[in-house]
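Undergrad: pasting a predicted model and its sequence here:
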Amino acid sequence: MAKSGNWWLPDRQEKQFYGELSFNQSDGGTLILSDTLDKLYDFPTRNEDFIILGNFTEELKNDTKSFTKVAAVISLMTSQQEKIGQIENSVKIVLRLKYIFLGIHIEDKNIKFEKIAVSYSNLDHWISAIHDLDAERLQDRTTYNSPVIAVNDECIIQINSSPTFHREDSKTIREDNIQFAIESLGDKTFRNYLELEGKVRDFLNFAITKAIVIQSFEGFIGHGHASTPARILIHTYITEKMHKLEIKSRSLFLYSEVADRLEYYLNNWFRLYRENKVIMDLFFGVVYNTKSYLSNNFLMLFTAIEAYHQAFIDEHSERKKEKELFGDNVIKKIEEYGFSKEERERLKQLVNVFGKQLSSKERLEEIYDQYADILPSLSSKIGTKNNFIRRIVDIRNDLSHGNVHPDSLDKDNDLFWQFKNLQLILQLCILSRLGFDNEKIKQIYYLDKITNTRKSLS
């Protein structure tokens, strides 16, 4: 997108200057202001976000002009403005834009929206408007909607569709135009809506094998017919290149397969971010960042699995209780023995830190045991439990302590496959937190059918 028009600061509308705005997903938004020195000499240099307003001007076929309102949030923290030219009486200033709002003028960077509507790529296989959603016949068209989904006390979500049709090679092609409408139940700031949208997109990227990225983003100010829509352009570094598991070719589950329990699953999904956001950040930090080193991806997932155990398994671990009991008995004997006060304190600290806590190996073993009848069937690279866990822990120790160069660990792509095995384990862990038991997980990966086939053949 490239547009030109007049721009001004909210408190200086009388002083307008010419500017050209461009936006694409690879480079983001750029605004080049170009005008006389007397208009731009005092342009602010602030070390914080600020807003600039403008009107796009377009020539129409009937020799009339069309104006489109636009507002942009500039962040000097990410890319400072620079005066790149001063020829005679002209100045150019380049601004890197954080967000662009088309169709409205806003003067408060803490703008609030009543709701947002977001469309995503690669949803065609996952959901069908006509087959999966409820039809609502309007005077001029038919729309399709899901039931309203209440997510804890954070937001309500509804999936909407207004299909369009076009001819292509004598065939009628239907475009479902699926949108996720999200309405915050509390904080309606744009920042909060970005967080809510991110959780929805993460859910879709977890469920669907193809990459899910934003195609359009709209924000609505006000209610009902008085609502003012704004098209929002956001530069994101998340592209369609992702580190995803491809055990299933299309998705872990279709919308139709979870529709009757989608509210339950989404509530559990959002709860995961509240209970232990670091697990989700580490998991999706690997999914979305394809430029990271393989060794870094491995360590991130290993850390996420340890965090998962500490958050959700530690408290109920019998092995942990045994170690704590043993450690308490050792501390009692330390108190009874004739150590000096300093020696006693140091020994007790060692017991508390190392003797009463589970090791990484023990945590991994306990998580493996939860999926012992699933993992070997999903990955031919896992092998036996003991060999797998020993290999994972050895790689982690070597990478963490710098005992070996990462390249030497990747003989026969071993580091890559062990990284994928960790990604698989964490995927199973997240499925469990969503509310899928092991039998349901087997159904997701068709393991129940494979088992039944083997039984019938034998």
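TA: Looks like it came in fine.
Undergrad: grab the nearest non-local neighbour of the residue most central in space within the chain.
TA: By C-alpha atoms, centre = their mean, the chain has its centre lying nearest to residue 202, at 4.0 Å. Residue nearest to residue 202 in three dimensions, not counting chain neighbours: residue 284, with 5.6 Å by C-beta to C-beta, 6 or more residues apart in numbering. Every residue, glycine included, has its C-beta placed from N, CA and C.
Undergrad: ok, now how distant is the one you found from residue 426?
TA: Taking C-beta to C-beta, to the nearest Å as the measure, residue 284 falls 11 Å from residue 426.
Undergrad: can you point me to the longest strand in the protein?
TA: Scanning the chain for the longest strand, with DSSP state E as the assignment, gives strand 90-102.
Undergrad: who touches the helix or strand that it is followed by?
TA: Counting by DSSP states H and E, the element after strand 90-102 in chain order, helix or strand, is strand 115-120. For strand 115-120, the surrounding residues in contact (C-beta atoms under 8 Å, 6 or more residues apart in numbering) are 160, 177-184, 193, 196-197, 200-201, 204, 212-220, 232.
Undergrad: which parts of stretch 198-211 are buried?
TA: 199-211 (16 or more other C-beta atoms under 10 Å).
Undergrad: which of those residues fall within strands?
TA: Among these, DSSP E puts none in strands.
Undergrad: with distance to residue 351 and pLDDT as added columns, please give these in a markdown table.
TA: Formatted as a markdown table, the buried residues of stretch 198-211 follow (distance: C-beta to C-beta, whole Å; pLDDT from 0 to 100):
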| residue | distance to residue 351 | pLDDT |
| --- | --- | --- |
| 199 | 41 | 97 |
| 200 | 46 | 97 |
| 201 | 45 | 97 |
| 202 | 40 | 97 |
| 203 | 42 | 98 |
| 204 | 47 | 97 |
| 205 | 43 | 97 |
| 206 | 40 | 97 |
| 207 | 44 | 96 |
| 208 | 48 | 96 |
| 209 | 47 | 94 |
| 210 | 51 | 94 |
| 211 | 48 | 94 |
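Undergrad: please flag which of those residues sit within helices.
TA: If you go by DSSP state H, those have 199, 200, 201, 202, 203, 204, 205, 206, 207 in helices.
Undergrad: which residues in the stretch 201-350 of the chain form strands?
TA: 214-221, 228-234 (DSSP state E, counting those that start in this stretch).
Undergrad: out of those strands, which gets nearest to residue 262?
TA: Nearest to residue 262 among those is strand 214-221 (20.6 Å), distances taken as C-beta to C-beta.
Undergrad: what about residue 291, distance to residue 304?
TA: Look at residue 291 and residue 304: by C-beta to C-beta, they are 19 Å apart.
Undergrad: export the strands of the stretch 201-350 of the chain to a markdown table and tack on mean neighbour count, mean pLDDT and distance to residue 434?
TA: Compiled in a markdown table, the strands of the stretch 201-350 of the chain are given as follows (neighbours: other C-beta atoms under 10 Å; pLDDT from 0 to 100; distance: least, C-beta to C-beta, whole Å):
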| stretch | mean neighbour count | mean pLDDT | distance to residue 434 |
| --- | --- | --- | --- |
| strand 214-221 | 18 | 93 | 23 |
| strand 228-234 | 18 | 89 | 27 |
